[in-house]
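*Asks:* Attaching a predicted model along with its sequence, questions to come.
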Amino acid sequence: MNWWSESVLPRLMASNLTTPLLEAERRAVCAGLTGRVVELGFGSGTNLPYLPPEVTGVWAVEPSETAWRLSERPRSEARVPVVRAGLTGEHLELEDGSMDSALSTLTLCTIPDLPAALTELRRVLRPGGALHYFEHGLAPDASTERWQHRLEPMQKRVFGGCHLSRDIPRLLREAGFELEGDSAAYLSVPGPMRAWAYVYRGRAVA
């Protein structure tokens with residue numbers, strides 16, 4: 001990682017991804033998680049306060065040492081143990097079928113080899129275990145999609161490889177997941193932000 005992505009970007013994400021709008025989304029996507037949860041892109045531990053009582057532990061996948069340090073206080077205050085389970089989604093340090101649930105919030109956009117990561121996720125989830133996801137991605141209208149493709153090269157350079165135009169539901173289905181309760185809509189944001197504001201929410205069952 002370079003200086004920007006390791007030292008600056010994790011702090012920027014920790015401060016800017018905690019708006020009331022996103023807090024509501026985090027609470028909703030965490031609802032229904034149970035047992036042992038693997039979280040892709042753990043970051044600074046922003047989702048920990050929203051975990052339901054049925055969760056017994058979190059196995060965190062996080063490549064950034066800065067983000068992991070920023071998560072120290074949330075981890076120490078969490079009611080469940082948090083274990084670092086690897087640095088990349090493509091290589092999870094977990095046994096087959098060992099996880100009951102998985103969680104990803106605004107992370108699938110950044111994983112370099114997303115099909116490989118989703119294959120790994122299916123491997124570690126027990127049969128019937130579900131990935132709860134809240135992700136941004138490919139917009140349905142042609143005008144916004146064109147802007148997403150124009151902006152994506154800059155987005156990837158500035159925001160740690162983040163893609164604007166990934167079709168998350170399609171990629172989940174291609175990886176063998178069955179989608180339940182999947183929905184998609186624009187967040188309520190100013191017009192110039194539409195390229196970043198089309199989001200998918202749901203559960204993908206292994």
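*Replies:* Received the coordinates, thanks. Numbering: from 1, shown residues only.

*Asks:* Could you pick out the longest helix of the chain?
*Replies:* The single longest helix within the chain, with elements called by DSSP state H, is helix 142-158.

*Asks:* and the lengthiest strand in the chain with helix 142-158, angle?
*Replies:* Once the chain is assigned using DSSP state E, the strand that runs over the most residues is strand 125-136. Here strand 125-136 runs at an angle of 110 degrees relative to helix 142-158 (axes from the mean of the first three to the mean of the last three C-alpha atoms, to 10 degrees).

*Asks:* Run through who's touching strand 125-136.
*Replies:* The contact list for strand 125-136 (C-beta atoms under 8 Å, 6 or more residues apart in numbering) reads 25-26, 28-30, 32-33, 38, 97-109, 121, 164, 166, 168, 172, 177, 180, 196-206. The way it works is simple: take the backbone N, C-alpha and C, and place the C-beta from them, glycine included.

*Asks:* And stretch 160-170, by the same measure?
*Replies:* By C-beta under 8 Å, 6+ apart, stretch 160-170 touches 5, 9, 108-110, 112, 114, 133, 135-138, 145, 148-149, 151-152, 155-156, 179, 182, 184, 195-196, 200, 202.

*Asks:* filter those residues to the buried ones?
*Replies:* Neighbour counting over these (16 or more other C-beta atoms under 10 Å) leaves 5, 9, 108-110, 114, 133, 135-138, 145, 148, 152, 155, 179, 182, 184, 195-196, 200, 202 as the buried ones.

*Asks:* List the buried residues in stretch 156-166.
*Replies:* For stretch 156-166, the neighbour count (16+ other C-beta under 10 Å) marks 159-160, 162-166 as buried.

*Asks:* What's the end-to-end length of that stretch?
*Replies:* Start-to-end span of stretch 156-166 (C-alpha to C-alpha, to the nearest Å) is 12 Å.

*Asks:* pLDDT (mean, whole number) over that stretch?
*Replies:* The average pLDDT for stretch 156-166 rounds to 94.

*Asks:* go on, stretch 39-50?
*Replies:* pLDDT averaged over stretch 39-50 gives 96.

*Asks:* Flag every buried residue along it.
*Replies:* 39-48, 50.

*Asks:* related to what we said a few turns ago, quick check: neighbours of the longest strand of the chain in the sheet, parallel or antiparallel?
*Replies:* In the sheet, strand 125-136 lines up against strand 99-105 (parallel), strand 198-205 (antiparallel) (DSSP bridges).

*Asks:* For that strand, what is the distance to the chain centroid?
*Replies:* 10 Å (C-alpha atoms, centre = their mean, to the nearest Å).

*Asks:* Could you find the closest non-adjacent residue to Ala67?
*Replies:* Pro10 (3.9 Å; C-beta to C-beta, 6 or more residues apart in numbering).
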